[in-house]
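prediction below, plus the sequence it came from.
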Amino acid sequence: MIVAERKPLPEIIESIAGVKRLMVVGCNTCVAVCLAGGEREVALLSSALRIAANKDGRELEIVERCVERQCEEEYNREVAAEVADVEVVLSMACGVGVQTMAQQFPNAIVYPALNTTFMGQPDELGSWSERCLGCGNCVLAQFGGICPITRCAKNLLNGPCGGSADGRCEVDPEHLECAWQLIYDRLKAIGQLDRLMEITPAKDWSPSRHGGPRQIVREDVQA
Amino acid sequence: MKSGSRLEQILESGQFAVTAELGPPQGSDRAVVDKKLGLLEGVCDAINITDNQTAIVRMSSVAASAQVCQAGQEPVMQMTCRDRNRLAIQADLFGAVALGIRNLLCLSGDHQVFGNDDAAKNVYDLDSIHLLQMVTRMRDEGQTASGTEIEGSVPLFVGAAANPFGDPFDFRPYRLGKKVAAGADFIQTQCIFDMPRFREYMKRVVDLGLHEKTHILAGVMPLRSAGAARYINKGVPGITVPKAIIKRMSGAGKGKAARLEGRTICAEMIQEIQEIEGVHGVHIMAVEWEIAVKSIVRMAGLLPRPEIAPLDLTPAPEPAN
Amino acid sequence: MQARKRVVMGCARSAGVAMQKLLTTGWSLPDDVEWVEMPCASAIDELHMVRAFESGAEYVLVLSCHQGACRSLEGDQRLANRVKAVQSLLAEIGIDPSAVAHQRMAPNMASDLRAWITSLGAPQPCLANEQDAGEA
């Protein structure tokens, strides 16, 4: 899922400087699951913004809303009236949701309240780790289901580098496992270690974001 | 001969090679390179010129290597994959060859968090093994990575690095095998302090027959002080300095006496390394201590360096396709 | 001038019991203190604490059972982590993070409870600070 986290409050407060009436709109999908932009987080941010405004003697009225999925226009239609009624829409969706809002309501001013970071998984409650970079050509079959593009700090395809020690990555040994140690251990466990004896050739990056912003069209489901 | 470089000639003739290292300045000051070259003259067979080592911006290895050639000495140009994509690398290699550079060391490169500008975007279009494959294709097939015909030739003696001490230990000799399969003519290892572990590594390397397909130069680093020994032991991932060596350095006292002990230990290690099967040379990494190299090489009994005919820099004939 | 508002939220199993004891001794809550009883302190959410400040509170004290005694196992620790998050949020908007505090207690600690409530938000006793000591 998409993982995001709330921007620092001073940054958000600065972005809405001078605004007297705004809507904070969350999303019930990915950002709700990673506890960054769901209903509860909308309530918390709104309360914090009102406290800050009060403290500085500023006027601030906040409309609190949450839509099912902010990247889909049909859900955002539910708050169309509110969008027209506020000066600024402060979106707690991921970057996709923010852009959908801005595109759907071209006369609205839409600001992000979150920093969208990565596609990842929950390791345990309260902890999420990056797992997929969307390279456009999945090679997980070659590496025992562990992605070296995403999880190796240097996206080596023929790792490990010399900086792998005790299963940790030298870039951040406290937090990062060496992806190649993981790949080695996994391939050994499933009897596919011979995959590591072959050279994996250089990657064609053109299907990835390096080839330009991407689009997928499925004509079979179109009119 | 792949490039006809001095380093290649010495290794191919079965003589024990000596290489050293030179870090270019954090700027454009040519005089820094000249000074270090003066200290290394006649003391080694080729000098590694680092490429934004530890992700700290320095004069480019192409430029500094060209300066080394101008001074009549032989560089081993280091190239990492961190800062350049395959297009820029190939362009730099064409230029390097045109400027007289004949040895190349292919590295993935330290991540920029270790440097002085971690806001930079890294590249890593290729890894070191891809780089080896690409360069050997340029040299042996006269083609770029995309299959375009190359105008001129790319006579480079190509090497890679190896870390006998990294994890997973069991896999390291096989990874070396991949570098050899990718075209590594020579290998320079990470600096050795743990001799027994290195011996074990070389035993496996020899078992795999890799010593017959590539020339391995063992890396050594002279210690300046007991403090340096302790720091390297604790602070550098994958490298342990045995207690015995730390003890010797502590016992030697400070300053000049400590540095002499450090150089002596290094020379002793070089002599020990010469006896290990499969090792064809030594790579001395006297970081910002180039002046130490001469005495180390002398103490190890490796002076004077062999006389080799001056390098013929006229372009090699076009490779037969 | 607005009366200061102090909010005390506590677990029914420890603070709640102690509070009952205090009230039967004839002691009463100061006028500006609001007492909120929760079935378990681990149910005290960041939102509860922040909304208390939004409603005008200047100090919030949350009370849980001791470590290991919480009915919800690590409820007291979860609460402690949430209090840290609220402190961080307060600091971001320029409010002294010590405005929210967490104490652990047992049901028989009525006198501690009274002392904490009495001193909640009161200025600390005058101790020589480092600068003064340096100059002395």
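The structure has been received and is ready for your questions. Residues are numbered from 1 along each chain as shown, chains lettered A, B, ... in the order given.

so residue A:152 sits against residue A:164, correct?
No - look at residue A:152 against residue A:164 with CB atoms under 8 Å: they stay out of range, at 9.6 Å. For every residue, glycine as well, the C-beta is placed using N, CA and C.

what touches both of those two?
Common neighbours of residue A:152 and residue A:164, using CB atoms under 8 Å, 6 or more residues apart in numbering or on different chains, are A:178, A:180.

the helix or strand of chain A with the lowest mean pLDDT pairs with which strands?
Least confident helix or strand, chain A: strand A:164-165 with a mean of 88, by mean pLDDT, DSSP states H and E. Using DSSP bridges, the strands paired with strand A:164-165 are strand A:168-169 (antiparallel).

got a list of contacts for the partner strand?
Residues outside strand A:168-169 that contact it (CB under 8 Å, 6+ apart) are A:152, A:153, A:163, A:174, A:176, A:177, A:178, A:179, B:237.

centre of the chain versus that strand, how much separation?
With CA atoms, centre = their mean, to the nearest Å as the basis, strand A:168-169 stands 24 Å off its chain's centre.

same for whatever helix or strand comes next after that strand, what does it pack against?
The first helix or strand that comes after strand A:168-169 along the chain, using DSSP states H and E, is helix A:179-189. Here helix A:179-189 touches helix A:148-151, going by 3 or more CB pairs under 8 Å, 6 or more residues apart in numbering or on different chains; DSSP states H and E.

can you check which helix is longest in the chain?
Picking chain A for this. Assignment by DSSP state H gives helix A:39-55 as the longest helix of chain A.

chain C is the one I meant
The longest helix of chain C (DSSP H) is helix C:75-92.

ranges for the strands of chain B?
B:17-22, B:46-49, B:75-80, B:103-107, B:157-162, B:186-191, B:215-220, B:279-284 (DSSP state E).

and residue C:46, which of those is closest to it?
strand B:75-80 (45.8 Å; CB to CB).

ok, that closest one: who's next to it in the sheet?
For strand B:75-80, the paired strands and their directions (DSSP bridges) are strand B:46-49 (parallel), strand B:103-107 (parallel).

list of residues touching the shortest one?
Judged by CB under 8 Å, 6+ apart, the contacts made with strand B:46-49 from elsewhere in the structure are B:5-7, B:17, B:19-22, B:24, B:37, B:40, B:61, B:64-65, B:68, B:73-78, B:103, B:105, B:188, B:283.

may I have that strand as CSV, with CA atoms only?
Only the C-alpha atoms of strand B:46-49 are listed here, as CSV (Å, rounded to 0.1, in the frame of the first residue of the first chain):
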residue,chain,number,x,y,z
ALA,B,46,50.6,1.9,-11.3
ILE,B,47,48.7,4.3,-9.1
ASN,B,48,45.0,4.0,-8.4
ILE,B,49,43.2,7.3,-8.9
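
surely residue B:99 is in contact with residue B:61?
No - the pair residue B:99 and residue B:61 fails to qualify as a contact (CB under 8 Å) at a distance of 11.6 Å.

what sits against residue C:103?
Here residue C:103 is in contact with C:61, C:62, C:63, C:64, C:112, C:116 (criterion: CB under 8 Å, 6+ apart).

find the nearest non-adjacent residue to residue B:261, please.
Nearest non-adjacent residue to residue B:261, counting by CB to CB, 6 or more residues apart in numbering or on different chains: residue B:252, 3.5 Å away.

state the pLDDT value of that neighbour.
For residue B:252, the pLDDT comes out at 92.

just checking, it touches residue B:263?
No - here residue B:252 lies out of contact with residue B:263, judged by CB under 8 Å, at a distance of 10.7 Å.

more neighbours, the two?
residue B:263 (24 against 20; other CB atoms under 10 Å in any protein chain shown).

for the more buried one, give its distance to chain C.
As judged by CB to the nearest CB, to the nearest Å, residue B:263 and chain C stand 49 Å apart.

quick one: name the residues of the stretch 1-150 of chain B near chain A.
The stretch 1-150 of chain B comes close to chain A at residues B:81-82, B:86, B:108-111, B:113, B:122, B:124-130, B:133-134, B:145, as judged by CB under 8 Å from any CB of the partner chain.

which of those count as buried?
Neighbour counting over these (16 or more other CB atoms under 10 Å in any protein chain shown) leaves B:81-82, B:86, B:108-111, B:122, B:124-130, B:133-134, B:145 as the buried ones.

what's the nearest residue to residue A:170 if we skip its chain neighbours?
residue A:163 is the one closest to residue A:170 (CB to CB, 6+ apart), at 3.4 Å.

re earlier: select only the buried ones of the contacts of strand A:168-169 in PyMOL?
The buried residues among the contacts of strand A:168-169 can be selected in PyMOL (16+ other CB under 10 Å) with this line:
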select buried, (chain A and resi 152+153+163+176+177+178+179) or (chain B and resi 237)
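
between the contacts of strand A:168-169, which sits nearest chain C?
Nearest to chain C out of the contacts of strand A:168-169 is residue A:174 (CB to the nearest CB; 19.6 Å).

and that closest one, what does it touch?
Listed by CB under 8 Å, 6+ apart, the contact set of residue A:174 reads residue A:168.

need the pLDDT of residue B:168.
pLDDT recorded at residue B:168 is 89.

count of neighbours near it?
Burial of residue B:168 is recorded as 17 neighbouring residues (other CB under 10 Å).

and the gap between the closest residue to it other than its chain neighbours and residue A:154?
Excluding its sequence neighbours, the residue lying closest to residue B:168 (CB to CB, 6+ apart) is residue A:184, at 5.1 Å. Between residue A:184 and residue A:154 the computed distance is 16 Å (CB to CB, to the nearest Å).

residue B:102 too?
Applying CB to CB, the value for residue B:102 to residue A:154 is 28 Å.

what's the closest non-adjacent residue to residue B:223?
Computed as CB to CB, 6+ apart, the closest residue to residue B:223 that is not its neighbour in sequence is residue B:262, at 4.0 Å.
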